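1. Coordinates for the following, if possible.
(chains A, B and C)
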Amino acid sequence: MSRQYANVIIDIVHTAVDRVFQYEIPEELWEELSVGMKVRVPFGKGNRLRDGYIIGFTDKTDYDPLKIKRIAEVCRDGIPIEGQLIQLAAWMKERYGSTMIQALKTVLPVKRKMKTAEKKLLVRKITEDECRELLSVYRRKKQKARVRFLEALSEDEVLPYEMVVQKLRVSSASFRLFLEQGICSLETEAALRNPIHGMERNESRVTLNGEQSQAVDGLWDVWNGDRCPSLLYGITGSGKTEVYMELIRRVIREGKQAIVLIPEIALTWQTVMRFYRQFGDRVSIVNSRLSAGEKSDQLERARRGKIDIMIGPRSALFTPFPDLGLIIIDEEHETAYKSETVPRYHAVETAIERCRLAGAMVVLGSATPSAASYYKAQNGEYHYFQMKTRAREASSLPSVEIIDLRMELKEGNRGIFSRRLVTLMKETLDRGEQILLFLNRRGYAGFVSCRSCGEAVKCPHCDVSLKVHRDGTLKCHYCGFEMPLPRKCPSCGSPYIAGFGTGTQKVEAMVRAMFPEAGVLRMDMDTTSRKGGHDAILSAFADGKADILIGTQMIVKGHDFPRVTLVGILAADLSLYSGGYEAGERTFELITQAAGRAGRDVLPGHVVIQSYAPDNYSVEAAASQDYEGFYWHEILYRKLLRYPPVCKMLSLLITSKEEERAEKMAGRVKELAEAEDRDGILELIGPAKAAVSRINDVYRYMLYVKCEEEEPLLAFKRQVEEMDWDRQVLYQFDLE
DNA sequence: AGCACGCCGACT
DNA sequence: GTCGGCGTGCTC
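-> Numbering: from 1, shown residues only, chains lettered A, B, ... in the order given. Below is the predicted model:
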């Protein structure tokens, strides 16, 4: 790759990522320039020197080469934060296969929409009467734009700049004269508000127990040492947050800043409050509930050094702190840390790269670390710290029983509640305590099938079965297709079709029938879709307004309900059959977390795990809260079948509206892999139809390539990208 | 954001 | 004619 020209984005603050401009590189800068560097370039008709950032290099251009200007100089005064984020974007582009623009858009705070943020205002500096006099002068001169402006200005002393320029269509040239004459002035409203306000600050210094201070000291040594990533394994209730806070305090004392990533679903006020009590208004949060303006306010505050700690989901990773010292990723194993949109980055890997660029440290925390992270900790790639005792001694581990649903079936119980669970529910209700019923959602929402031919009613656009909704309609969860419940089977015409399987709604109906006097709350996509629905249900349950809470994943993430003493996991093993090599890991995590909700306070807790595979190691290990037991089983399985993290695996999703085209391209990729694999180190699986082989009339093929090392896979990925792709076929990479 | 260009009405 | 302001579009 030659570097004749540099791709430059001009002055981030104003034009953001809007456009890329190409500049010739002076020979003496050939070696020195790299992505992310700040340069000064001649721009526009007047060739005014402006700041720009290099985002890449090329040797060819569509633009008239004669018109291309040269870079004037490099700014050597340290790489500013934007440059560092651009370097990160370049890394993401390579690692996850997106365009540079896509990567930049996820990484750079888009400050374009300054509507609610720092507003520019035009303020009248003369009296209303003087203004009207001036107005009549310009009426006589028939200068329309200035008349419009003065009319508005005599009405209101303060005018928003954007309104003047856009609605009044008055260009800056028209009122520049007024600015020079002191008739009006341009002022900025510092409106960078903090979303956390009006809270009591109570800086009681956290006291750490022995295990916690050991972890802090160990991590602090790493911070003062090589700053390699660290994994903090701490069982539920061991007090990881206290460790994070003490570590953050020390990092801030060194004049650096910290980012705390929390899965969006677990980002509750309680969590934020704990940090706020310690660090006051030096903390800020970003989350999806914040408006674009509020969000960019927070990022701007971070950039200007007004805050030291940013708490937020995945995207908070890109907070433009000028001197980042620490990134903490809580619940490191969560799937929410993987982006679903291009670039499909993983927060853990990306955090590690950002810290490498910034000279900062990553701490991964979890009660159930991902097999990949634990493996790296075992191999010395990460430092490892553990906390194995509950911080609050009063709370004891709950008693756990596994119920074999096959036995229940044999003994004639075809319901979804085992007899043991019903008994315990009754006892719990009699004691006036609360119950949590957890339903593993994967592949479990009710669908409709024909009793004669066994065929399930499928979506006409996707390769999935339709789900029954409360209002009696059938819905596709992938493309949104809707249809009324048919009277006859669409494939054989038999009238005997019926709902099958169990969703949260059905569980709710059954619980209400069994315990008519109990208050029941349900939490799923339907009940939480409106704004605040999530928090409303949780706080209603926490306040004791209901006895039983039924829900999916979202009820088990980081919420404390002290009066819950019974947790029922209705079909613990269903996620085992969801396909994918991570099924066991997901199952273990879900059961462990759900079980951890019982007996969080002084009351003793019970957990009932109902399963069709009670002797599966994921279920058994979760029941005994034995992470290490689970891990060694799991890693053995991955070693046998050569799955990540033991092997590296590149997955390639190939999609097209026309099935044959997708299939043909998938075949060509396979041929390429076979032809290029001279050393025989690549292991190919597929191509085959994806688990969901069609979504919204787009056909999907998967191809997996496994290898001991990562580098050959990256080389192969680059070759695939350079292939002559059929324009009707799209592809996506994933490397694990 | 700033600069130039083309357009149009007003004034010498 | 030409001067000056207005609105628009482009900037490698």
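
2. Could you measure from residue A:462 over to DNA strand B?
-> Between residue A:462 and DNA strand B the computed distance is 44 Å (C-beta to the nearest atom of the strand, to the nearest Å). In short, each C-beta sits where N, CA and C put it, glycine included.

3. Would you mind naming what in the stretch 101-250 of chain A lies close to DNA strand B?
-> By the rule C-beta under 7 Å from any atom of the strand, the part of the stretch 101-250 of chain A lying against DNA strand B is A:142, A:171, A:172, A:173.

4. Over to chain A?
-> Proximity of chain A to DNA strand B, by C-beta under 7 Å from any atom of the strand, involves residues A:14, A:44, A:45, A:46, A:48, A:142, A:171, A:172, A:173.

5. one step back: of the residues of the stretch 101-250 of chain A next to DNA strand B, just say which sits nearest to DNA strand C.
-> residue A:171 (4.3 Å; C-beta to the nearest atom of the strand).

6. doesn't residue A:145 make contact with that closest one?
-> Yes: the pair residue A:171 and residue A:145 qualifies as a contact (C-beta atoms under 8 Å) at a distance of 7.0 Å.

7. who's more crowded, the two?
-> Neighbour comparison, residue A:171 and residue A:145: the larger count goes to residue A:145, with 15 against 11 (by other C-beta atoms under 10 Å).

8. Assumed that one was part of a helix.
-> Yes: according to DSSP: H, G, I helix; E, B strand; the rest coil, the state of residue A:145 is that of a helix.

9. Could you say which helix or strand holds the closest residue in space to it that isn't next to it in sequence?
-> Nearest in space to residue A:145, with sequence neighbours left out and distances taken as C-beta to C-beta, 6 or more residues apart in numbering, is residue A:174 at 4.4 Å. In this structure, residue A:174 is located in helix A:172-181 according to DSSP states H and E.

10. Put the alpha carbons of that helix into CSV.
-> The C-alpha trace of helix A:172-181 is given here as CSV (Å, rounded to 0.1, in the frame of the first residue of the first chain):
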residue,chain,number,x,y,z
SER,A,172,-23.4,35.3,8.6
ALA,A,173,-22.1,37.9,6.1
SER,A,174,-25.3,39.9,6.7
PHE,A,175,-24.9,40.5,10.4
ARG,A,176,-21.2,40.5,10.6
LEU,A,177,-21.4,44.3,10.2
PHE,A,178,-23.7,44.5,13.2
LEU,A,179,-21.3,42.4,15.2
GLU,A,180,-18.4,44.7,14.3
GLN,A,181,-20.5,47.8,15.2
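
11. picking that back up, ok, and which of the residues of chain A next to DNA strand B reach DNA strand C?
-> Restricting these to those touching DNA strand C (C-beta under 7 Å from any atom of the strand) yields A:44, A:45, A:171, A:173.

12. For the third one, which residues are in contact?
-> Under the criterion of C-beta atoms under 8 Å, 6 or more residues apart in numbering, the contact list for residue A:171 reads A:145, A:165.

13. For it, give its distance to residue A:177.
-> Taking C-beta to C-beta, to the nearest Å as the measure, residue A:171 falls 12 Å from residue A:177.

14. Quick one: neighbours of the residue in the stretch 251-400 of chain A positioned nearest to DNA strand B, just the number.
-> Ranked by C-beta to the nearest atom of the strand, the top residue of the stretch 251-400 of chain A for proximity to DNA strand B is residue A:296, at 16.3 Å. Residue A:296 is flanked by 23 other residues according to other C-beta under 10 Å.

15. what about dumping the CA coordinates of the helix or strand where it lies to CSV?
-> Under the criterion DSSP H and E, the helix or strand holding residue A:296 is helix A:292-303. Output in CSV follows, covering the C-alpha atoms of helix A:292-303 (Å, rounded to 0.1, in the frame of the first residue of the first chain):
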residue,chain,number,x,y,z
ALA,A,292,-28.5,13.0,21.7
GLY,A,293,-27.9,16.4,23.0
GLU,A,294,-27.6,15.3,26.6
LYS,A,295,-25.2,12.6,25.5
SER,A,296,-22.9,14.9,23.6
ASP,A,297,-23.0,17.3,26.6
GLN,A,298,-21.6,14.5,28.8
LEU,A,299,-18.9,13.6,26.3
GLU,A,300,-17.9,17.3,26.0
ARG,A,301,-17.7,17.5,29.8
ALA,A,302,-15.4,14.5,29.8
ARG,A,303,-13.2,16.1,27.0
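
16. Let me know the outermost residue of chain A.
-> The outermost residue of chain A, judged by C-alpha distance from the chain's mean C-alpha position using C-alpha atoms, centre = their mean, is residue A:140 at 59.9 Å.

17. How is it assigned, secondary-structure-wise?
-> Secondary structure, three-state DSSP: residue A:140 is helix.

18. quick one, what contacts it?
-> Taking C-beta under 8 Å, 6+ apart as the definition, residue A:140 has no contacts.

19. again with the one 4 residues further on
-> When the contact criterion is C-beta under 8 Å, 6+ apart, residue A:144 has no partners at all.

20. Spatially nearest residue to the most centrally placed residue in chain A (excluding sequence neighbours)?
-> In chain A, the C-alpha closest to the average C-alpha coordinate belongs to residue A:314, at a distance of 3.9 Å (C-alpha atoms, centre = their mean). Take residue A:314 and drop its neighbours on the chain: the residue closest to it by C-beta to C-beta, 6+ apart is residue A:347, 4.7 Å away.

21. that older thread, ok, now which ones touch the residue nearest to residue A:145?
-> For residue A:174, the contact set (C-beta under 8 Å, 6+ apart) comprises A:143, A:145, A:146, A:149.

22. could you point out which element follows the helix or strand that contains the last one?
-> Using DSSP H and E, residue A:149 falls within helix A:144-155. On the C-terminal side of helix A:144-155, the nearest following helix or strand under DSSP H and E is strand A:158-160.

23. so how far is that following strand from its chain's centroid?
-> Averaged C-alpha coordinates place strand A:158-160 at 38 Å from its chain's average position (C-alpha atoms, centre = their mean, to the nearest Å).

24. Pairing partners for that strand, with directions?
-> strand A:119-124 (antiparallel) (DSSP bridges).

25. what's in contact with the partner strand?
-> Defining contact as C-beta under 8 Å, 6+ apart, one finds that strand A:119-124 is touched by A:114, A:131, A:153-154, A:157-162, A:164, A:175, A:183-189, A:191.

26. ok, of these, which come out buried?
-> Among these, those scoring as buried are A:114, A:131, A:153, A:154, A:157, A:159, A:160, A:161, A:164, A:175, A:183, A:184 (criterion: 16 or more other C-beta atoms under 10 Å).

27. Just name the closest of those residues to residue A:627, please.
-> Nearest to residue A:627, judged by C-beta to C-beta, of the buried ones among the contacts of strand A:119-124 is residue A:114 at 47.5 Å.

28. ok, now which ones touch residue A:95?
-> By C-beta under 8 Å, 6+ apart, the contact set of residue A:95 is A:345, A:349, A:353, A:735.

29. Dig out what the last one forms beta bridges with.
-> Under the criterion DSSP bridges, residue A:735 forms beta bridges with residue A:650.

30. now the helices: where do they sit in the stretch 601-736 of chain A?
-> Per DSSP state H, counting those that start in this stretch, the stretch 601-736 of chain A carries helices over the ranges A:617-623, A:627-641, A:659-676, A:711-721.

31. Determine which stretch of those is the most buried.
-> Across the helices of the stretch 601-736 of chain A, the average number of neighbours (mean count of other C-beta atoms under 10 Å) peaks for helix A:617-623, which reaches a mean of 23.

32. Ramachandran angles for the residue of the stretch 351-500 of chain A found nearest DNA strand C?
-> Nearest residue of the stretch 351-500 of chain A to DNA strand C: residue A:357, at 27.3 Å (C-beta to the nearest atom of the strand). Dihedral angles phi and psi of residue A:357 (degrees, to the nearest 10) take the values phi -70, psi -30.
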